[in-house]
Every structure is written in C-alpha cells, then in structure tokens.
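*Asks:* predicted model follows, preceded by the sequence.
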Amino acid sequence: MIYIISGILCGCITIVAMIANSHLAKIIGVFKSTLMNFVVGLISTILLMILVKKSVDLSFSSYGNIPLWAFLGGLVGVVVVAGSNIVIPKIPTIYTTLMIFIGQLFTGILIDYLRVGFISKGKIIGGLLILLGIIYNSNVDKKELII
Amino acid sequence: MYKASAVFIGILIAIMVSFNGVLSSFTDRYVSILIIHIVGLISVIIVLILKKEKFKIPKKIPFYLFSGGFLGIFVVFLNNLCFNSIGASLTLSLSIFGQLVLACFIDHYGFFGLNIYKFKKKKIIGFLMVVSGLVTMIIY
C-alpha cells in the first residue's frame, strides 16, 4: 500500500516540478532551466546527505559490478527534456499525455518482462483500461475545445 | 508523425526510470540520487556548450521557480523506491494517475497562475476507468 501511495505522490510532485520548470524555462530557456534543475537538485541532495550524516563510500570496488548503463539515467533525463522541447509544442496538448503514456506503459511492461520473465495478464488488461480512461477524458476535453 | 514521436519520449522516460531504479538497487537511495544528478548535470552542460549558449542567468528570478530541482530529488527517490518493489509498469501507471488527478485539480482552480479549466463531471467516468485499470494491475 505504501508503494501505491508513493507512486501516486510521485506523479503529483512531478506535475508541480514540471510547472515550476516550464515557468523557469520561459524566462531563461529550456536547457538553462534544466541546468538549474540539476544544480538545485544536486545541492539539495548533498545538504540532505549532510543532514542525515550519510557517509559516501567512494571505493571503486563497490561500484565495479554495476552495469555501465545504470549510470546513464541522468543523461536519458536530459534527452527527454530535449526531445519534449522539440515534440510537445508541435502536437495538440490533449494527445501528449496519451502518447507519452502509451510509450511508458508498453516499455514498462517490456522491462518488467525482461526482469521477471513473464507478463501478467493483469498488467496488459489494466494498462488497456488506463488507456481507455485517458482517451475518454481526452475526448471530453477535445469537445470543449472545439465548442 | 509528431504524435508518434511523443510515444518515443514515453519510452525514454520508462528507460530512465528503470536505469535509475537499477542503480539504486546497487547503491543506496542517497548515493544513487547523487550520481543521477551529477551525470545529468554533466550532460546538460555538454548540451549547453554544443549549443554555444551563455551560462549567464538573469538575477531577477523569483526564488520559487527554482523549486523544480528540489522537488525532482523526491521524484527520483519515490521512483526508485517503487521501481524496486512494484516494478516498472505499475510505478509508471501510478505516477501518470497522480499527474492526471493533480493536473485536473490545478486546472480547476488555476493554481500557479495557470488558466482556469473547470473540471467536467464527465471526466469522472474516465478516471473510474483509469482506477479500475490500476486495481487490475495491482491485483493480478
């Protein structure tokens, strides 16, 4: 249950962060706002670590067995920002969430399959229901926009 | 054509969440967030250099606009936590649900200086479908 609430909370925080970032991007540009995003995030993380008195183990041996690609999340994040910057202004907003979610959902299911070795029917049926819900609500918004 | 490219962004987000999640399973919650931010910072600095942008930041920017980076660490933390316990697809679906609900709420009241778009009762039907989808994913 704690994970379900955490997941929903994560989405809520994401929206607020996205709004703050988009306001900042309007003033200083998308990439500089991304830069500030990482700078503020990094400083906050360091302060947080000092606060909880977390010691950092910098010996190579503890990182040696981590696959290299696992380090690239931050890089992919920057590609996401760059890609969104190009794509999102060019498509109607009501499609953006839907299209991004389709990509996330099917990649998510594929990744779960690669990690666990099977795809549960619930994930697929549940995913399709979520898609239907998003499409339905997009259409409600669409009608409003046309009128 | 561009509609399809938004799907690609979704794919990248799923990959990003998985990379970060795997990293945090090897290290710990703090060190992984630290590494993710250092790698991201280096990447965006390279982009800025390639685009030949100046690093000058105007001074008169309201302080709260920088809160995105602070909030971002909680997003990464929660994503990593969920990814390693409930998997990629459910983590991403729950996050989308949180985004949809809060976005409606923000639109309805016009928070953060955004335009007001009143909530339409018809959308409850869509949300019920989304919730039933989430429940199906969780139970099976």
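*Replies:* Perfect, I can see it now.
*Asks:* quick one: name whatever helix or strand follows the biggest helix by length in chain B.
*Replies:* Using DSSP state H, we find that the single longest helix of chain B is helix B:2-26. Scanning the chain past helix B:2-26 towards its C-terminal end, the next helix or strand to appear is helix B:29-50 (assignment: DSSP states H and E).
*Asks:* what mean pLDDT does that next one have?
*Replies:* For helix B:29-50, the mean per-residue pLDDT is 91.
*Asks:* what do you get for stretch A:21-36?
*Replies:* The predicted model gives stretch A:21-36 an average pLDDT of 87.
*Asks:* buried ones in it?
*Replies:* The neighbour-count check on stretch A:21-36 (16 or more other CB atoms under 10 Å in any protein chain shown) flags A:21-25, A:28-36 as buried. Just so you know, the C-beta spots here come from the backbone N, C-alpha and C atoms, and that holds for glycine as well.
*Asks:* what angle do the longest helix of chain B and helix B:29-50 make?
*Replies:* Direction vectors for helix B:2-26 and helix B:29-50, defined by axes from the mean of the first three to the mean of the last three CA atoms, to 10 degrees, enclose an angle of 140 degrees.
*Asks:* for helix B:2-26, name the packing helices and strands.
*Replies:* Packing partners of helix B:2-26 (3 or more CB pairs under 8 Å, 6 or more residues apart in numbering or on different chains; DSSP states H and E): helix A:73-87, helix A:93-116, helix B:29-50, helix B:67-86, helix B:88-109.
*Asks:* tell me what the second one is packed against?
*Replies:* Yep, that's helix A:93-116 we're talking about. Applying 3+ CB pairs under 8 Å, 6+ apart, one finds that helix A:93-116 makes contact with helix A:121-146, helix B:2-26, helix B:88-109.
*Asks:* not counting it itself, show me its contacts.
*Replies:* With CB atoms under 8 Å, 6 or more residues apart in numbering or on different chains as the test, helix A:93-116 has contacts from A:88, A:91, A:119, A:123-124, A:127, A:130-131, A:134-135, A:138, A:141-142, A:145, B:3-4, B:6-15, B:18, B:87-93, B:96, B:99-100.
*Asks:* cool, the shortest one as well?
*Replies:* Contact with helix A:73-87 is made by A:30-31, A:34, A:38, B:2, B:5-6, B:8-9, B:12-13, B:15-17, B:19-20, B:23, B:35-44, B:47, as judged by CB under 8 Å, 6+ apart.
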